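Enquirer: Sequence first, predicted coordinates after that:
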Amino acid sequence: MRKTLRYGIMGAGNIARQFADGVRDAHRSTITATASRSLEKAKAFNAGTPYGDYAALLDDPQVDAVYVALPNSMHHEWTLRCLAAGKHVLCEKPMASDEAQTREMFDAAQRAGLLLMEAFMYRCHPQTHAVLEQVRSGAIGKLKLIRTAFCYSTGKPQGNIRFDAALAGGALMDIGCYCISMARLLAGCEPTAMHAVGRLGASGIDEYATGVLDFPGDVIAEFCCGMTVQTNNTAIICGDEGYLEIPWPWKPQAERAVFIRDGQVPPRQDSGKQSRQPRQEFVVNAGRPLYAVEADDFAQSVLDGKPLTVSKQDTLGNMHVLDELRRQVGVKF
Ligand SMILES: NC(=O)c1ccc[n+]([C@@H]2O[C@H](COP(=O)([O-])OP(=O)(O)OC[C@H]3O[C@@H](n4cnc5c(N)ncnc54)[C@H](OP(=O)(O)O)[C@@H]3O)[C@@H](O)[C@H]2O)c1
């Protein structure tokens, strides 16, 4: 039985660099090859055997799983090709351009008996597990509101895959997908109604957007995402007996991820007194960088049979919401 998962990286860009750097501290993962459109770029990337085209990676017997780090519009084609070549796939978020493509990818994985997971790294971090545990154990009472934000302001839209409709870009696809994912995770079900408004840029993609998801059980989630606007990028999870404040929900620190529980328990009928919950700080130590945690998490599923942290149903649910919100905002690929 193999103890380490051997990854091949497809696309030597920004997130591939962060992933490769993280994997140096992984326990169960290693990188044996990198494929780029340019051999020179693959060589300079300096992580395993360099290849000058993506297809060459598929023939490498030293690669067990491919980490697909290509623009969104290319996830579908290359994941299918990886699966056809017998490779497991950890595919960057969002899984594809739409839900229909995503279904085809999971069907192909199932037929091939291989694993496919959407690379939502924040889901693998123990801070997310700890937050979920707080909510599920009733530590903030009845969950009512989920408020999340993920924005940045880039001064370089030219040549940026996120600003290109042909590459399935846009704020909802790039970072709104995290807010939707966290809301669905905490609510523990799919929204029954959803609404979004946004502003489109010159190429027709949404540069910023805000949305509301309405869940069964009286849970409402609101979020904003944007690529040309700044905000605090936090998550606040609100119940009737308190709230959780997560300063770094999406990219938690490796060794000191901190979140806070605060609030007041409402007056009980018998006492009439309002009691204050002590403000409590939770510190979570993942022991290694976020992308090492993610790589090892997927490795555990491939090597040990651990259920996938981001399941097929979870990814399909996220893609379904993204499709509908993009339609409402007026984004067409
Ligand atoms: N999970 C996370 O934390 C996270 C963070 C950022 C991005 N992402 C996701 O990762 C994926 C890649 O994002 P990124 O920030 O790494 O983008 P990026 O820096 O632009 O890299 C994308 C890579 O894809 C390859 N590529 C192939 N065809 C291309 C084309 N027509 N235009 C541009 N690049 C092309 C290029 O690699 P070669 O030149 O080497 O072939 C390029 O370096 C996206 O799906 C994004 O949503 C995830």
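Expert: Received it, and whenever you're ready, just let me know what you need.
Enquirer: Mind telling me which residue of the stretch 151-300 of the chain is nearest the ligand?
Expert: In the stretch 151-300 of the chain, no residue comes nearer to the ligand than residue 161, which is 4.4 Å away by CB to the nearest ligand atom. C-beta here means a position set from N, CA and C on the backbone, and glycine is covered the same way.
Enquirer: quick one: that residue and residue 167 touch, right?
Expert: Yes: taking contact to mean CB atoms under 8 Å, the distance of 4.8 Å between residue 161 and residue 167 places them in contact.
Enquirer: quick revisit: give me the phi and psi for the nearest residue to the residue of the stretch 151-300 of the chain closest to the ligand once chain neighbours are set aside.
Expert: Among residues not flanking residue 161 along the chain, residue 71 sits closest, at 4.3 Å (CB to CB, 6 or more residues apart in numbering). Main-chain torsions, residue 71, degrees, to the nearest 10: phi -60, psi 150.
Enquirer: Could you count how many residues lie near residue 71?
Expert: Here the number of neighbours of residue 71 (other CB atoms under 10 Å) works out to 17.
Enquirer: Enumerate every residue touching it.
Expert: For residue 71, the contacting residues are 11, 161, 164, 167-169, taking CB atoms under 8 Å, 6 or more residues apart in numbering as the criterion.
Enquirer: Neighbour-wise, give me the winner out of those residues.
Expert: Using other CB under 10 Å as the neighbour criterion, residue 169 leads the contacts of residue 71 with 27 neighbours.
Enquirer: Pretty sure it sits against residue 157.
Expert: No: contact status for residue 169 versus residue 157: not in contact, 9.7 Å apart, counting by CB under 8 Å.
Enquirer: Now for the two: what residues contact both?
Expert: Common contacts of residue 169 and residue 157 (CB under 8 Å, 6+ apart): residue 163.
Enquirer: And the most centrally placed residue in the chain, how far from the ligand?
Expert: The residue at the geometric middle of the chain, judged as the C-alpha nearest the mean C-alpha position with CA atoms, centre = their mean, is residue 120 (2.5 Å). Residue 120 is 7 Å from the ligand, where distance means CB to the nearest ligand atom, to the nearest Å.
Enquirer: And that residue, its phi and psi?
Expert: In this entry, residue 120 is assigned phi and psi values of phi -90, psi 90 (degrees, to the nearest 10).
Enquirer: That one: what's it in contact with?
Expert: Residue 120 makes contact with 93, 178, 181, 310 under the criterion CB under 8 Å, 6+ apart.
Enquirer: For the residue in the chain that the ligand sits nearest to, give me its contacts.
Expert: Distances from the chain to the ligand, computed as CB to the nearest ligand atom, single out residue 13 as the nearest residue at 2.0 Å. For residue 13, the residues meeting the contact criterion (CB under 8 Å, 6+ apart) are residue 69.
Enquirer: Could I get the pLDDT score of it?
Expert: Predicted confidence (pLDDT) for residue 13: 98.
Enquirer: now residue 278
Expert: In this prediction, residue 278 carries a pLDDT score of 75.
Enquirer: For it, the count of nearby residues, please.
Expert: Here the count is done by other CB under 10 Å, and residue 278 has 7 residues near it.
Enquirer: ok but it is inside a strand, no?
Expert: No: for residue 278, which was evaluated using DSSP: H, G, I helix; E, B strand; the rest coil, the result is coil, with no strand membership.
Enquirer: Residue 143 versus that one, what's the distance?
Expert: When CB to CB, to the nearest Å is applied, the distance between residue 278 and residue 143 equals 20 Å.
Enquirer: Check residue 167 too.
Expert: Counting by CB to CB - residue 167 and residue 143 are separated by 36 Å.
Enquirer: cool, and residue 77?
Expert: When distance is defined by CB to CB, residue 77 is 39 Å away from residue 143.
Enquirer: which of the two has more neighbours?
Expert: Counted by other CB under 10 Å, residue 77 and residue 143 do not tie: residue 143 has more neighbours, with 23 against 15.
Enquirer: which ones are touching that one?
Expert: Taking CB under 8 Å, 6+ apart as the definition of contact, the neighbours of residue 143 are 135, 186-187, 217, 219, 237-239.
Enquirer: let's see 7 Å
Expert: Listed by CB atoms under 7 Å, 6 or more residues apart in numbering, the contact partners of residue 143 are 135, 186, 219, 239.
Enquirer: would you say residue 27 is within a helix?
Expert: No: with three-state DSSP as the criterion, residue 27 is assigned coil and is not in a helix.
Enquirer: Can you tell me the closest non-neighbouring residue to it?
Expert: Setting aside the residues directly before and after it, residue 27 is nearest to residue 296 in space (CB to CB, 6+ apart), at 5.5 Å.
Enquirer: Do I have it right that that neighbour meets residue 29?
Expert: Yes: in this structure, residue 296 sits in contact with residue 29. The criterion is CB atoms under 7 Å, and the distance is 5.5 Å.
Enquirer: Just want to know which of those two has more residues nearby.
Expert: Between residue 296 and residue 29, counted using other CB under 10 Å, residue 29 has the larger neighbour count: 30 against 22.
Enquirer: Which secondary structure element is home to the nearest residue to the more buried one once chain neighbours are set aside?
Expert: Using CB to CB, 6+ apart and skipping residues adjacent in sequence, the residue nearest residue 29 is residue 295, 3.8 Å away. Taking DSSP states H and E as the definition, one finds residue 295 inside helix 290-304.
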